[in-house]
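[1] need coordinates for the below:
(chains A and B)
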Amino acid sequence: MRIFDPHIHMTSRTTDDYGRMAAEGVRAVVEPAFWLGQPRTNAGSFADYFASLVGWEPFRAAQFGIRHHAAIALNPKEANDPRCREALELVPRYLAKDSVVAVGEIGYDAMTPEEDDVFAAQLAMAIEYELPALVHTPHRDKIRGVARTLEVVTNSTIEPGRVVVDHLNEVTVGAVHDSGCWMGFSVYPDTKMSPERMVEILRVHGLERVLVNSAADWGRSDPLLTRRTGEAMLAAGFSDDDVDRVLWHNPVEFFGQSGRLDLTELPAASSTFEGNSILRGGS
Amino acid sequence: MASDECRIALDGLSDDGWLADAERRVARDPASIVRLFAGVGRHCGRAPLPQAEGWTADEAGRVRLLLALPAAAVPRQVEDLYRYGDADEKRAVLKALCLLPVDSGAVPLLHDAIRTNDTRLLAAALGPYARHLDQVSWRQAVLKCVFMGVPLSVVHGLAERADAELAAMIADLRAERDAAGRHLPEDALALLKQLTRRPEVRCASSIRTST
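    The predicted model follows:
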């Protein structure tokens, strides 16, 4: 089983997790920019974070043969803090990078006027930089949040096929399916979505335009739930090809729209000095 | 001498016109380098350049853009391109330093690169421009190469600059590794052997161990 996790916050994971993921078939990831589990208080904090998403994390991932790409944005949660707003000016600089394959996570957290502004500004950046957009939906007031998100996307000139609306569930998937946007699902141990529920959604809505991710952030999460979802699909009678479609081809198709995906095989870590530092526990 | 390999890399770069156009734009409008610099790999490719060992097409293309900057714009752009660069951009900036009109002003970038645990940045920081690095920092950086398994062939002018203190540091690391049942890379052992053959090194080493 080969896996492309289209939304995973590796910043919050240990290097051992990269090893476990590689052993279970994860070969590529997209890490979208979000928060750090506690609020930032200045734009400089974003500059260091973005630098890590296009520097350190790809380096760490490469030790295990995993291709790491990023999505860059000022997230909706911190868009509400005026001290962080300057970070919005940093975003375009990073959207030009080779490994940045989307603008994200953008969207809504509490649906404030500030979030409206930052969401719209960053959708415009997605158009300017010819990148797809990864849109977070609120965990509270989700149904209205998704409706409002789709309204904003529709009113923008971005093509729905270049937008993934994420963190969906049984209640919100239908509207996104009908909109032409991609449907993202974050499978968690005990919230948002489970492998079994995910399988049922695939049965009802089909495999097209579906992205399954583990998110794996600072909450209780598991970077192997993509794999568990693939196994649940097989147990439910889906074919190997179906699993490959959802866990590999779909993310390749969606992020491939950036023209920047690099999925060529990485050299074996042992064959190059570039592979040695963290495997050896260097400090 | 220091920049010969870099020059060969720059000369060997083929261009379909994008790079030449980008150079003209950068010369006219230095701020345009921000977006152009980030996109070099997508236009020039990232393949190793056969005629210049250790250089890739994107690195050479990026160095060409830096060389196209008006001299007055170089210090600020170099600092910003490094600060906001991805790992490939940072590496290209580090490799370009020996050709740019920055004197010792860019030494803080070397310190930053050496502080990281990204072996590619560490290696790029130890090129010809590292002559501006003070000896204490330079030794630490070389020792870090040994520690992290970065081949010492990346260190420019190693034979001329390696001294007794570096030998003592490597010898201590070897003692720690031996105690743990691990070993130093062959190139570090060879360097140690070479350094401890010099009479003045033996002398300095014995002074150090007696304190």
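
[2] confidence score at residue 16?
    If you meant another chain, say so; for now it's chain A. Note on residue A:16: pLDDT of 96.

[3] wait, I meant chain B there
    pLDDT at residue B:16 comes out at 80.

[4] next one: residue B:129
    Reported pLDDT for residue B:129: 97.

[5] and residue B:81, that one's in a helix?
    Yes - counting by DSSP: H, G, I helix; E, B strand; the rest coil, residue B:81 falls inside a helix.

[6] what comes up buried for whatever helix or strand residue B:77 lives in?
    Element membership for residue B:77 (DSSP states H and E) is helix B:74-83. Neighbour-count burial for helix B:74-83 flags B:74, B:75, B:77, B:78, B:79, B:80, B:81, B:82 (criterion: 16 or more other Cβ atoms under 10 Å in any protein chain shown). To be clear about C-beta, it is placed using only N, CA and C from the backbone, and glycine gets the same treatment.

[7] packing partners for that helix?
    helix B:33-44, helix B:57-68, helix B:87-96, helix B:107-115 (3 or more Cβ pairs under 8 Å, 6 or more residues apart in numbering or on different chains; DSSP states H and E).

[8] redo the ones you listed as TSV? Include mean pLDDT and mean neighbour count.
    Output for these, formatted as TSV (pLDDT from 0 to 100; neighbours: other Cβ atoms under 10 Å in any protein chain shown):
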stretch	mean pLDDT	mean neighbour count
helix B:33-44	96	20
helix B:57-68	96	24
helix B:87-96	97	26
helix B:107-115	98	18
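
[9] low-confidence stretches in chain B?
    Residue ranges of chain B with pLDDT under 70: B:1-3, B:198-211.

[10] how about the residues of it near chain A?
    B:34-35, B:38-39, B:41-42, B:83-90, B:116-120, B:123, B:147-151 (Cβ under 8 Å from any Cβ of the partner chain).

[11] quick one, strands of chain A?
    With DSSP state E as the criterion, chain A has strands at A:3-5, A:26-32, A:67-72, A:100-107, A:133-136, A:163-165, A:182-186, A:210-213.

[12] leaving aside the residues next to it on the chain, what's closest to the closest residue to chain B within the stretch 101-250 of chain A?
    Relative to chain B, the nearest point of the stretch 101-250 of chain A is residue A:129 (9.2 Å; Cβ to the nearest Cβ). Among residues not flanking residue A:129 along the chain, residue A:95 sits closest, at 4.3 Å (Cβ to Cβ, 6 or more residues apart in numbering or on different chains).

[13] list the contacts for that neighbour?
    Residues in contact with residue A:95 (Cβ atoms under 8 Å, 6 or more residues apart in numbering or on different chains) are A:72, A:103, A:125, A:129, A:131.

[14] list the contacts of residue 111.
    Answering for chain A, as no chain was given. So residue A:111 contacts A:138, A:141, A:144, A:145, A:148 (Cβ under 8 Å, 6+ apart).

[15] oops, chain B please
    residue B:137.

[16] quick revisit: from residue B:39, how far off is the residue nearest to residue A:129?
    Separation of residue A:95 from residue B:39 (Cβ to Cβ, to the nearest Å): 11 Å.

[17] what of residue A:201?
    Taking Cβ to Cβ, one finds residue A:201 at 38 Å from residue B:39.

[18] tell me which stretches of chain B form helices.
    All helices of chain B, identified by DSSP state H, fall at B:4-11, B:18-28, B:33-44, B:57-68, B:74-83, B:87-96, B:107-115, B:119-125, B:135-148, B:158-161, B:164-179, B:186-197, B:199-210.

[19] to residue A:117, which of those lies closest?
    Among the helices of chain B, helix B:33-44 comes nearest to residue A:117, with 23.6 Å by Cβ to Cβ.

[20] elements contacting the closest one?
    Here helix B:33-44 touches helix B:18-28, helix B:57-68, helix B:74-83, helix B:87-96, going by 3+ Cβ pairs under 8 Å, 6+ apart.

[21] got the angle for the second one vs helix B:74-83?
    Interaxial angle, helix B:57-68 versus helix B:74-83 (axes from the mean of the first three to the mean of the last three Cα atoms, to 10 degrees): 150 degrees.

[22] and the angle for helix B:57-68 with helix B:18-28?
    Using the same axes, to 10 degrees: helix B:57-68 against helix B:18-28 is 30 degrees.

[23] again, but for the third one
    Counting by the same axes, to 10 degrees, helix B:74-83 lies at 130 degrees to helix B:18-28.

[24] what does helix B:74-83 rub up against?
    A:47, A:51, B:30, B:33-34, B:37, B:66, B:69, B:89-90, B:93-94, B:96-97, B:100-102, B:105-106, B:109, B:112.
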